[in-house]
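Enquirer: model the structure of this input:
(2 chains)
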Amino acid sequence: MSIFIDRSTRVVVQGITGGEGAFWTKHMIDLGTRVVAGVTPGKEGQSVEGRPVYHTVRRAVAEHQADAAMLFVPPRFTKDAVFEALDAGIIKIVTIADGIPLHEAVQIRKAARSCGARVVGGNTSGVISPGLAMMGMFPFWIERVYKPGRIGVMTRSGSLTNEVTAMIVRAGFGVSSLMGVGGDPVPGTRFAEFLPDYQADPDTDAVVIIGELGGTMEEEVAEAMEAGVFKKPLVAFLGGRTAPAGKRMGHAGAIVSGGKGSVADKIAALEKAGGLVADRPRLVGELLARALGRA
Amino acid sequence: MKLFEYQAKDAFAAEGIAVPKGMVCRDAASVRAAALELGFPCVVKSQVLRGGRGKAGLIRLVKGADEAERYAAELFSGPHDVRSILVEEAVDIGREIYLAITVDPEASTALILACAEGGVEIEELARTAPEKIIREKVDIDVGLLPFQARNIGYALGFDADGVKRFVPVLEALWRVFKMKDAELAEINPLFETKAAAGAAPRLIAGDGKLSIDDNALFRQGSSEPDRSHFDSDVAFEAAKEGIPYLQFDGDISLMCAGAGLTTVVYDLVNYEGGSVANYLEFGGPNYKKAVRAMELCLKNEPKVILIVTFGTIARADVMAEGIAEAIAKLKPRCPIVACIRGTGEEKAVETLKAAGLDPLFDTEEAVRRAVSLAKLGGKA
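Expert: Model (predicted):
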C-alpha cells in the first residue's frame, strides 16, 4: 500500500503536449503509473506516449474515469487548470508550477478543501511511491535516492529531498511514499494533513519531514503528534537554522515574518512532541536507525 | 517585492486613506526646501526597506531648516544606502493603532491583524502580548464584510462614531491588499489625532508597508523593482537575469541548485566556521546559465566558489558542461569546489575532471573543503 498514488490510480495529465509534460509523462509511465489520458485545449485527437489527448478534463474523465490530475501547466494558468480538474470531479491533483500568485494559491486551497479534494504543490517535484508510481518529476532511476522501502518522506524542497533521501537510503532504508508539499507560502496540502495517511499505512514504519524556515507547517506536525494523530517515529531535517531574520531564503515560503517561522521554534516544538531533529543530512539516517531500534 | 513607505502611502491615498502631507526628496537641498514648505516641526524619514528605522536613527523629528538639511546630508552619505527621503508634516498624535492584512496559509483565507497598541513591530507584539492582537479571517472570494470591519473597530476601542471613521479606512486597505496582490498591507502606526475643539479626531496612516507578491508582478505593471530594492549591484544584476541571489559579506560564493539545498549549504558553511559571500541558485530554469552565474559570483572576489547540486530537472552533465565553459571563459583565480549529483552524474564527473576540478560526491565533505580552502586564503 502507498499513500496518495498507486498502480490503480487513473491519472490524467493536463498540459501533456508541452515539452515538460510529454517528457515526464513518459517517465511516469515507465515507473508504472497508470496514465490514462492527457488534456491540452485545442489539441484533441493527438496522442502522447500512446495516450489520447482531449480538449477538456471533463471529456477525459468521461472517457477514462480518471481520478487524479497531474498538471504541467504554467503558474498563471494553474488556478484555471486546478478548478477545471475539481469541476470534473477529480480529488487528487498535483501541480509542479513554480510561481502561482499568492492570492490564487489561497483560492486553490480553499476550493480543494470545499470539494474534499487534495491539491499537492505548487512549487514541488510532486509525489512518488518508488517502484510503484509517481505524479511529478523525480529522477527515480537514481537508485541511491529512490529506493523502495518503509520510510515516508514529506518535503518542502526538491533539491534537498535528493540530498536527504540519499542519506536515508545510505543508512539501509528506503522510501514508501514521498509527498512533495512544495516551497510556496500557501501549499495546497500541508504536512500535518498527510500524517493520518502515513499513520494508517501498514507499509510506512516512520516518517521523515524535510522542512525549512518560514510558516508553521512543522509546528502543526508537532501539534498533530501531541494530539495523538501520528504515533510512529518522526525525524525532521530543517534548512535555514543560520538564516538571518527577514531574508527570504530561495523559496517564497522560506522567510521568518510576523514573529513566526524560525527554525529554533520549529525544533523546540518537534522535540517537545517527541520528534527527532537532525542538524545535518547525514544524521537523518542515524536518527531513523535509532528510532526504529536498528542502531 | 517590498515597496518604499512613500510608494505604499501613494497606494493607500489613492484608495482614500489619509496620509500626512509630504514630499519625496533625493538630495539634502530638496529636503531643506520641503521642510520649509511643510513648516516645523516636521519629520525626515529615510526611505529604506529595513524595519526598525526609528531605532536605527533613520527617522528624525526636526525643528528647523538647517537641522533638516544637515540630517539629510548625513543620511545620504551614511552606511544605509539611503537614496530617497520622505519629508512629512508632523501629526498631533492621540493614539497609535496597528493594522495589517496578510494571508492565513492554513485557513486559506485573508487575515486582518489589528492592535490598539500600535507603533510596535508585530514581531515584538506577537512575542510580548499575543493576546492583544485582534485577528479576523476574511474569505478571499467574498471579501471584507462590513460587520467584520465593525468587529475590529469596536475591539480596538473605538466608540460608535469612531467606528464610522475606522470602517472606511479598513475597507480601503482591503482594496489595496486585493488590487495590488499584496503579501502584506500594513499601517503601523495608524494615528488617531487628538480631538481638537469642535472637530472629531482623524485617522492618518503614519507609516506604510506594502509588499507585492513577486508571482503577481506580471499583472502589477507599474511595480518593476529597480536598483534601490536590492542590497548590492550584483543582487540587482542577478534579479534582472532571473537568478535567485542573496548578498552576504563573507568569502565563500555559493553557486548551487535548488532553494532548499542552497539554504542547507549556507547552514553547513556557517556550522564549519566559514562565511558566505553570496547565495546563488542556478538550478531549475537557470541550469544552463553557469557562465553568467559564475560571473556574478566572481564580482564578490570570493576566496572559494562552492558548487553543490543534486538535480531533478537540471541534468548534472549539462550543468558540468556549463561550469567547464565558465572556467574556460572566466579563468577564475580562486579555487572551485564542485559536488554535482543527479541525472548524468558519471558524465558530469568526467567533464569536471577534464576542466581541472576534483569533483566530490558528499555535500558535507565539499563544504568542509571549501571552508578550509577559504581559511588558507583561497590558494588551491
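
Enquirer: which element, helix or strand, includes residue B:94?
Expert: strand B:93-104 (DSSP states H and E).

Enquirer: any idea which helix or strand comes after that strand?
Expert: strand B:109-115.

Enquirer: and chain A, is that following strand touching that?
Expert: Yes - looking at strand B:109-115 against chain A by Cβ under 8 Å from any Cβ of the partner chain, the contacts come from B:109, B:110, B:113. To be clear about C-beta, it is placed using only N, CA and C from the backbone, and glycine gets the same treatment.

Enquirer: export the residues you listed to JSON lines and tack on pLDDT and neighbour count?
Expert: Conversion of those to JSON lines gives the following (pLDDT from 0 to 100; neighbours: other Cβ atoms under 10 Å in any protein chain shown):
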{"residue": "B:109", "pLDDT": "97", "neighbour count": "19"}
{"residue": "B:110", "pLDDT": "97", "neighbour count": "25"}
{"residue": "B:113", "pLDDT": "95", "neighbour count": "22"}
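
Enquirer: quickly list the domain ranges of chain A.
Expert: A:1-123, A:142-295 (automatic domain parsing).

Enquirer: which of these sits closest to chain B?
Expert: Nearest of the domains of chain A to chain B, taken as Cβ to the nearest Cβ: domain A:142-295 at 2.2 Å.

Enquirer: any idea how many residues pack against residue B:146?
Expert: Residue B:146 has 10 neighbouring residues, counting by other Cβ atoms under 10 Å in any protein chain shown.

Enquirer: go ahead and confirm it touches residue B:166.
Expert: No - when contacts are counted by Cβ atoms under 8 Å, residue B:146 is not listed as touching residue B:166 (11.4 Å).

Enquirer: that older thread, so which of the domains of chain A comes closest to residue B:179?
Expert: domain A:1-123 (10.4 Å; Cβ to Cβ).

Enquirer: got the phi and psi for the nearest residue in space to residue A:226 that is not next to it in sequence?
Expert: What sits nearest to residue A:226 in space, not counting adjacent residues and going by Cβ to Cβ, 6 or more residues apart in numbering or on different chains, is residue A:273, at 4.9 Å. Torsion angles at residue A:273 (phi, psi; degrees, to the nearest 10) stand at phi -80, psi 0.

Enquirer: list the contacts of residue A:273.
Expert: Neighbouring residues of residue A:273 by Cβ atoms under 8 Å, 6 or more residues apart in numbering or on different chains: A:221, A:222, A:223, A:225, A:226.

Enquirer: just curious, which of those residues is nearest to residue A:62?
Expert: For those, the residue nearest residue A:62 by Cβ to Cβ is residue A:221; the value is 38.9 Å.

Enquirer: list the buried residues for stretch A:56-68?
Expert: A:56, A:57, A:59, A:60, A:61, A:64, A:66, A:67, A:68 (16 or more other Cβ atoms under 10 Å in any protein chain shown).

Enquirer: could you point out which element follows the helix or strand bottoming out on mean pLDDT in chain A?
Expert: Lowest by mean pLDDT, DSSP states H and E among the helices and strands of chain A is helix A:158-170, with a mean of 93. Per DSSP H and E, the first helix or strand lying C-terminal to helix A:158-170 is strand A:175-180.

Enquirer: that next one packs against which elements?
Expert: If you count contacts as 3 or more Cβ pairs under 8 Å, 6 or more residues apart in numbering or on different chains; DSSP states H and E, strand A:175-180 packs onto strand A:118-121, strand A:126-129, strand A:148-155, helix A:158-170, helix A:191-200.

Enquirer: JSON lines for the ones you listed, including distance to residue B:187 and mean neighbour count?
Expert: Below are the helices and strands packed on strand A:175-180 laid out as JSON lines (distance: least, Cβ to Cβ, whole Å; neighbours: other Cβ atoms under 10 Å in any protein chain shown):
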{"stretch": "strand A:118-121", "distance to residue B:187": "33", "mean neighbour count": "26"}
{"stretch": "strand A:126-129", "distance to residue B:187": "40", "mean neighbour count": "28"}
{"stretch": "strand A:148-155", "distance to residue B:187": "37", "mean neighbour count": "23"}
{"stretch": "helix A:158-170", "distance to residue B:187": "37", "mean neighbour count": "26"}
{"stretch": "helix A:191-200", "distance to residue B:187": "33", "mean neighbour count": "20"}
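
Enquirer: returning to that earlier point: distance to residue B:282 added to the domains of chain A, as JSON lines?
Expert: Converted to JSON lines, these look like this (distance: least, Cβ to Cβ, whole Å):
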{"stretch": "domain A:1-123", "distance to residue B:282": "15"}
{"stretch": "domain A:142-295", "distance to residue B:282": "12"}
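
Enquirer: related to what we said a few turns ago, just the ones of the buried residues of stretch A:56-68 in strands?
Expert: Under the assignment DSSP state E, the buried residues of stretch A:56-68 contribute residue A:68 to strands.

Enquirer: chain center to stretch B:32-49: distance?
Expert: 24 Å (Cα atoms, centre = their mean, to the nearest Å).

Enquirer: now swap in stretch A:263-283 and tell me
Expert: Chain-centre distance of stretch A:263-283: 20 Å, with Cα atoms, centre = their mean.

Enquirer: end to end on it, go ahead and measure it.
Expert: Start-to-end span of stretch A:263-283 (Cα to Cα, to the nearest Å) is 17 Å.

Enquirer: quick check, residue B:319 in contact with residue B:310.
Expert: No - Residue B:319 lies out of contact with residue B:310 (Cβ under 8 Å); the separation is 10.6 Å.

Enquirer: overlap in contacts, the two.
Expert: Joint contacts of residue B:319 and residue B:310 (Cβ under 8 Å, 6+ apart) are residue B:257.

Enquirer: residues contacting residue 219?
Expert: This is for chain A. Contacts of residue A:219 (Cβ under 8 Å, 6+ apart): A:265, A:266, A:269.

Enquirer: wrong one, chain B
Expert: Residue B:219 touches A:101, B:181, counting by Cβ under 8 Å, 6+ apart.

Enquirer: now it, what are its backbone angles?
Expert: Per degrees, to the nearest 10, the backbone of residue B:219 is at phi -110, psi 10.
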